[in-house]
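>>> Build the 3D model from these lines:
(chains A and B)
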Amino acid sequence: MLDKIMKTDLFAWIDRRTDAGAIIKSQLTEYPAPKNLNYMWNFGSLALLVLVLQILTGIFLVMYYKPSAEATFGGFTVAFDSVERIMRDVNFGWLIRYMHAVGASMFFVVVYMHIGRGMYYGSFKAPRELLWIIGVVILLIMQGAAFFGYLLPWGQMSFWGATVITNLFGAIPVLGEYIGQILVGGFAVGDPTLNRFFSLHYLFPLLLAAIVGGHIHALHVVHSNNPEGIDLHKPEETIPFHPYYTLKDAFGVAFFLLFYCYIVFFNPQMGGYFIEVDNYVPANNLQTPAHIAPVWYLTPWYTILRSFESKLLGVAAMGGSLAILFVLPFLCKSAVRSARYRPVYKIMVIMFFIDVIVLGYCGHSAPTATLKVVGQIATAYYFLFFFALPLLPKFEKTKPVPEGI
Amino acid sequence: MKMTKFVMAAVAAMVMGFSSQAVASGGGAALEHANIDVTDQEQIRRGLTVFTDVCMGCHSAKYITYRGLMAYPEIGLTREQVDELRGEKSLMSGMISDLAIEDAVVSYGKAPPDLSLIVPGRRGGADYVYSLLTGYEHDPEGKVPDGSWNKVFPGNRIGMPDPLSWLDHDAGETDELKQQAEDVAAFLAFIGDPHQNTRRAIGCWVMGFLLLLTLVLWRLKVEVWKDIKH
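Numbering: from 1, shown residues only, chains lettered A, B, ... in the order given. Predicted coordinates for the structure are as follows:
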């Protein structure tokens, strides 16, 4: 089909002015992709799909949403009312809003899988360090965008979640209090906070779209890693991206949509994990919910924060736990990429994945003495994993890697 | 393909995490299951009657308009029935209690929460509403006056006086009161998300289409890839 389009007069006209044919060749029909990529390589295209869905649904939500914390009848606010209006009175507003709310969580599901794949198969190693670093920037912006977005319905968890997180900045010496006030737009979370978070919630996805472009560009310079983690030299080891991977990605998209649509249509709150129960209660600055927890995708970092008695240490550790991802390519010095040929790293990285799930569980649950200790041990392992990486090549006996695929 | 195994294990672990973390209701007893059906017009209408006769004495449901009582097929009242219910109020008005919130605060010490979102807004949802309405008991320690002690309410001490007169009711009334509590729980579950039945109905078609699409794309992928040895 693509060939037919490329032979039309219209395409020839465009091609003479944009060189579109050469771009399609170099990026799709003749772009070399390793032939042995497994289904873990589908999550990148899925992340792009969810980003597009989030932006599209978001644009329509903004047509009806009103960012105002002005009180309305019955303890509600203009913002909360406008969300309920979308859910009840706007034609298919419920669909668009649930797609957006579920999409936020699914975005993190696919991105965490994508990051996990990169760590397991050593995709962050040379020559892909910058590709990985751009990816970490994307993760941070995503977390910011999700955090800003969660304030918008102005429910109890919106309000108290934002209060807890913005208060953290107070722990930073000297400038902390000032930064907190700039972010909140006053001395406590209120109408100015809602307005600036709304503005930032629109800005961050635009940044995401641009930086994702950079991520893909960087990928297309250094090309994909593969499950064996080896450099490919022979032409028969690669296949053109189109039609092979466009079709495989299309199949992955349909498979993903099965899960996504099941949640959207049959279980949009996901038992309080995707939309928290307390967020159906309008924000009330006089009544703290019994248990404040961020949405599941931020809970691992929340546990790291809570694992320290000193607020400053907690904030530093939480910031450090994300910042350390930037230097992962330089901490991991082994010449072998894939965990398939690194027996010790393989155990360490699988334990790291379980560790992050444990951290998430601890952060989501109401704090108990046991969970606190579990969270502290998990936090310790989180950092230990990264600090042990530079020493690993000294004693790890890697298996011989194959010559080709 | 060892990664596949690991992914499956991780997914299993997450699912287990999801299910084992279910509900923890603050102060009270375990919730009883409410037998509700949000597609049952009869039950929702009976629940509406309980709502207007009992709950609306103090509570409002501001996101449900009188027009909505006609427009949602799950309720489907006629114009005459709605006119009788609304009295002087506008068709576009929400179902607002005649008791002013300030007066309720004076009488009961707390503003009665709006009930539009009470089911999605409480852990346990409709079960919570049902268990709360049938949860009035004598304080085992004898400190809290009758009608202010509820076994499922967080902290047990509740501002809302026993709305269905559950405490010390005659044994013969138990079934009827339970039915009323279930009916109003069904009504509140419906208005918490009034498009939920449409959503599920459309969802079945969407899932059917996606199953077919997945199947077709899978066979297409296999066909195109059949000469690639890897």
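
>>> only C-alpha atoms for contact and neighbour calcs from this point on.
Noted.

>>> Return the backbone torsion pair for residue 122.
With no chain named, the answer covers chain A. With angles defined as degrees, to the nearest 10, A:Gly122 sits at phi 70, psi 30.

>>> Hmm, no, I was thinking of chain B.
The phi/psi pair for B:Arg122 (degrees, to the nearest 10) reads phi -130, psi 140.

>>> How about the contacts made by the nearest residue to it once chain neighbours are set aside?
Distances taken as CA to CA, 6 or more residues apart in numbering or on different chains place A:Val277 nearest to B:Arg122, at 6.1 Å, with adjacent residues excluded. If you count contacts by CA atoms under 8 Å, 6 or more residues apart in numbering or on different chains, A:Val277 has them with B:Pro120, B:Gly121, B:Arg122, B:Arg123.

>>> Just the CA trace of stretch B:138-155, in CSV.
What follows is stretch B:138-155, C-alpha atoms only, in CSV (Å, rounded to 0.1, in the frame of the first residue of the first chain):
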residue,chain,number,x,y,z
HIS,B,138,-26.6,-0.1,71.2
ASP,B,139,-23.1,1.1,72.2
PRO,B,140,-21.5,-2.0,73.8
GLU,B,141,-19.8,0.3,76.4
GLY,B,142,-23.0,2.3,77.0
LYS,B,143,-21.4,5.7,76.5
VAL,B,144,-22.8,6.8,73.2
PRO,B,145,-26.6,7.5,73.2
ASP,B,146,-28.8,5.2,71.2
GLY,B,147,-29.1,6.3,67.5
SER,B,148,-25.6,7.7,67.5
TRP,B,149,-23.6,4.5,67.6
ASN,B,150,-23.1,2.6,64.3
LYS,B,151,-21.0,-0.5,63.9
VAL,B,152,-19.5,0.4,60.5
PHE,B,153,-19.1,4.1,60.7
PRO,B,154,-15.4,5.1,61.2
GLY,B,155,-15.0,5.8,64.9
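
>>> touching chain A at all, that stretch?
No - using CA under 8 Å from any CA of the partner chain, we find that stretch B:138-155 stays clear of chain A, coming within 9.7 Å at best.

>>> And that stretch, how far out from the chain middle?
24 Å (CA atoms, centre = their mean, to the nearest Å).

>>> How about it, which residues are buried there?
B:His138, B:Asp139, B:Asp146, B:Gly147, B:Ser148, B:Trp149, B:Asn150, B:Lys151, B:Val152, B:Phe153 (16 or more other CA atoms under 10 Å in any protein chain shown).

>>> And the residue of the stretch 1-150 of chain A found nearest chain B, how far from A:Arg340?
For the stretch 1-150 of chain A, the residue closest to chain B is A:Asn36, as judged by CA to the nearest CA, at 5.5 Å. As for A:Asn36, its distance to A:Arg340 is 14 Å (criterion: CA to CA, to the nearest Å).

>>> Same check on A:Tyr262?
Noted for A:Tyr262: a distance of 34 Å to A:Arg340, by CA to CA.

>>> Compare these two and say which is more crowded by neighbours.
A count of neighbours by other CA atoms under 10 Å in any protein chain shown puts A:Arg340 above the other of A:Tyr262 and A:Arg340, at 20 against 17.

>>> What backbone torsions are found at the closest residue to chain A within chain B?
Nearest residue of chain B to chain A: B:Gly121, at 4.6 Å (CA to the nearest CA). Dihedral angles of B:Gly121 (phi, psi; degrees, to the nearest 10) stand at phi -90, psi 10.

>>> show me what contacts the residue lying closest to it once chain neighbours are set aside?
Closest residue in space to B:Gly121, ignoring its immediate chain neighbours: A:Tyr280 at 4.6 Å, by CA to CA, 6+ apart. Contacts for A:Tyr280 (CA under 8 Å, 6+ apart) come out as A:Gly155, A:Gln156, B:Leu117, B:Ile118, B:Pro120, B:Gly121.

>>> Got phi/psi on the residue of the stretch 1-150 of chain A closest to chain B?
A:Asn36 has phi and psi values of phi -110, psi 20 when expressed as degrees, to the nearest 10.

>>> thinking it is in contact with A:Ile405, fair?
Yes - when contacts are counted by CA atoms under 8 Å, A:Asn36 is listed as touching A:Ile405 (7.2 Å).

>>> between those two, what contacts are shared?
Common contacts of A:Asn36 and A:Ile405 (CA under 8 Å, 6+ apart): B:His230.

>>> Let's have the contacts of A:Tyr280 in a markdown table, adding distance to A:Pro294.
Converted to a markdown table, the contacts of A:Tyr280 look like this (distance: CA to CA, whole Å):
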| residue | distance to A:Pro294 |
| --- | --- |
| A:Gly155 | 13 |
| A:Gln156 | 12 |
| B:Leu117 | 21 |
| B:Ile118 | 21 |
| B:Pro120 | 18 |
| B:Gly121 | 17 |
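
>>> ok, the residue nearest to B:Asp139 when sequence neighbours are not counted - contacts?
Of all residues beyond its chain neighbours, the one nearest B:Asp139 is B:Trp149 (5.7 Å), with distances taken as CA to CA, 6+ apart. Residues in contact with B:Trp149 (CA under 8 Å, 6+ apart) are B:Tyr136, B:Glu137, B:His138, B:Asp139, B:Asn156, B:Arg157, B:Ile158.
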